[in-house]
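Student: Have a look at this fold, sequence not included:
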């Protein structure tokens, strides 16, 4: 057999009965059995996963190799085993819980061949779980991680040009128990000669398991900090300091780090709360910049400021405010042409938190909650500030209010 177009690497652990539909979706691919191969790795399953894979390999028209190994403790080991055995021009990492859209490989390979790109994203939808959405607005023949929203989908279920992976010796980190795919995929984005996006066809169904055995749902909070650290280190090693690095750092901060300082924090012991701050502070010391801060919403920025200062008392008050979904007042400083959200401790002398932490950026703001500062807000001055800060729709509402004297 010649070189296949796609090697499908399937790492499987306790994957029954989900594995059945997963493999059926590979056999249903319109690209044809002669253009694919499967490398399936049973990672020490005890539920019949390995036996089912062997029966499939004996009966399927798709060339299939099965490896049965002792449990490695995470998805990286099976993926690395499969990657070493891959012979295809492209590699696709398919989780045994999930399944493909019928034309996924045909469309993705065509996209990569047409544009010479090294990574292709196919549209993902969730089944009994959420899935990323912001990157599927339209097909992108050629883009990169700085010009699109692809940084917000870092799962491993992408089409990767195998030559890219072998040239850079890329593998999944086996010391990480969660977020290993985010590190791998971000590196691939940054090293790739172009990325393509297939947005007009569902290529991948991300399945929420009923038995709760998804690895991303298990493990201690310490694993999340390990993941955030690894992601940040990868970005810093490949992108010089500056706006481009800051734009990428937003992803591990928002997706991996900040959830550790959400409402769940209020239910945890003081020991865990303080330990989380200890784990986060070195990351903020190393990578926090004003450029990164500007990419966050005000309440996110404020929480991380409290963390960076080691102020657990302030942090808990802010988290409680966010949990209660209280709409903050919007303070429009006409002299500075700046809008602020009056979140907890805003301009509290005892707290000493700089105004810039509260600066409004892209939040949905209500003009009805505006508090004017800097004297009588002349219409033109306020309207200009509002258009820049709040957007056209809200600025029109601000303009209508701008001629009114603030209530005493």
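Tutor: On my side now, so go ahead. Since the structure is predicted, the reported quantities are computational estimates derived from the model, not experimental observations. Numbers count the residues shown, from 1 in each chain.
Student: Return the residues in contact with residue 54.
Tutor: residue 66 (Cβ atoms under 8 Å, 6 or more residues apart in numbering). Quick note: C-beta positions are derived from backbone N, CA and C, even for glycine.
Student: On the three-state scheme, it is what?
Tutor: Three-state call for residue 54 (DSSP: H, G, I helix; E, B strand; the rest coil): helix.
Student: okay, and for the protein, where does confidence drop off?
Tutor: By pLDDT under 70, the low-scoring segments of the chain are 1, 211-219, 334, 336, 362-408.
Student: does residue 91 belong to a helix or a strand, and which?
Tutor: Here residue 91, judged by DSSP states H and E, is contained in strand 90-95.
Student: What are the contacting residues of that strand?
Tutor: By Cβ under 8 Å, 6+ apart, the surrounding residues in contact with strand 90-95 are 5-11, 22, 26, 75, 79, 82-83, 100, 105, 108-109, 112, 156-162, 165, 181.
Student: out of those residues, which are inside strands?
Tutor: Among the contacts of strand 90-95, the subset assigned to strands under DSSP state E consists of 6, 7, 8, 9, 10, 11, 100, 159, 160, 161.
Student: Show the buried residues in those residues.
Tutor: Those of these that meet the buried threshold are 6, 7, 8, 9, 10, 11, 100, 159, 160, 161, by 16 or more other Cβ atoms under 10 Å.
Student: May I have the residues that are in contact with residue 308?
Tutor: Applying Cβ under 8 Å, 6+ apart, we find residue 308 in contact with 280, 281, 284, 285, 288.
Student: Just the closest of those to residue 145, please.
Tutor: Nearest to residue 145 out of the contacts of residue 308 is residue 288 (Cβ to Cβ; 20.6 Å).
Student: is it true that that closest one touches residue 301?
Tutor: No. In this structure, residue 288 is not within contact of residue 301 by Cβ atoms under 8 Å, at 10.0 Å.
Student: more neighbours, these two?
Tutor: Using other Cβ atoms under 10 Å as the criterion, residue 288 and residue 301 rank with residue 301 on top: 23 against 19.
Student: Could you double-check that residue 355 sits in contact with residue 340?
Tutor: Yes. Between residue 355 and residue 340 a contact is recorded at 6.2 Å, counting by Cβ under 8 Å.
Student: Neighbour count for these two, which is higher?
Tutor: Applying other Cβ under 10 Å to residue 355 and residue 340 shows that residue 340 carries more neighbours, namely 24 against 13.
Student: rewinding a little: want to throw the ones in strands among the contacts of strand 90-95 into CSV with distance to residue 306?
Tutor: Listed next are the ones in strands among the contacts of strand 90-95 as CSV, based on distance: Cβ to Cβ, whole Å:
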residue, distance to residue 306
6, 48
7, 47
8, 46
9, 42
10, 44
11, 39
100, 44
159, 42
160, 39
161, 43
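Student: how's this structure carved up into domains?
Tutor: Following automatic domain parsing, one finds the domains of the chain at 6-217, 220-326, 327-408.
Student: hang on, the earlier thing: biggest separation within the ones in strands among the contacts of strand 90-95, which pair?
Tutor: Pairwise across these, and taking Cβ to Cβ, the largest span is found between 11 and 161, at 20.0 Å.
Student: So for stretch 267-281, what gets flagged as buried?
Tutor: Across stretch 267-281, burial judged by 16+ other Cβ under 10 Å covers 272, 273, 276, 277, 279, 280.
Student: meant to ask about stretch 242-262, not that
Tutor: For stretch 242-262, a neighbour-count test (16+ other Cβ under 10 Å) marks 245-253, 255-258, 260-261 as buried.
Student: Endpoint to endpoint, that stretch covers what distance?
Tutor: For stretch 242-262, the first-to-last residue distance is 28 Å (Cα to Cα, to the nearest Å).
Student: still on that earlier bit, which member of the buried ones among the ones in strands among the contacts of strand 90-95 is positioned nearest residue 66?
Tutor: Using Cβ to Cβ, residue 10 comes nearest to residue 66 of those, at 9.5 Å.
Student: Spit out the contact partners of the closest one.
Tutor: By Cβ under 8 Å, 6+ apart, residue 10 lies in contact with 22, 23, 38, 39, 40, 41, 82, 94, 95, 96.
Student: ok, now with 7 Å
Tutor: Under the criterion of Cβ atoms under 7 Å, 6 or more residues apart in numbering, the neighbours of residue 10 are 22, 38, 40, 94, 96.
Student: Out of those residues, which is nearest to residue 87?
Tutor: Using Cβ to Cβ, residue 38 comes nearest to residue 87 of the contacts of residue 10, at 11.3 Å.
Student: residue contacts, residue 97?
Tutor: 15, 18, 207, 209.
Student: Looking at the residues you listed, which are in strands?
Tutor: Per DSSP E, those map to strands at residue 207.
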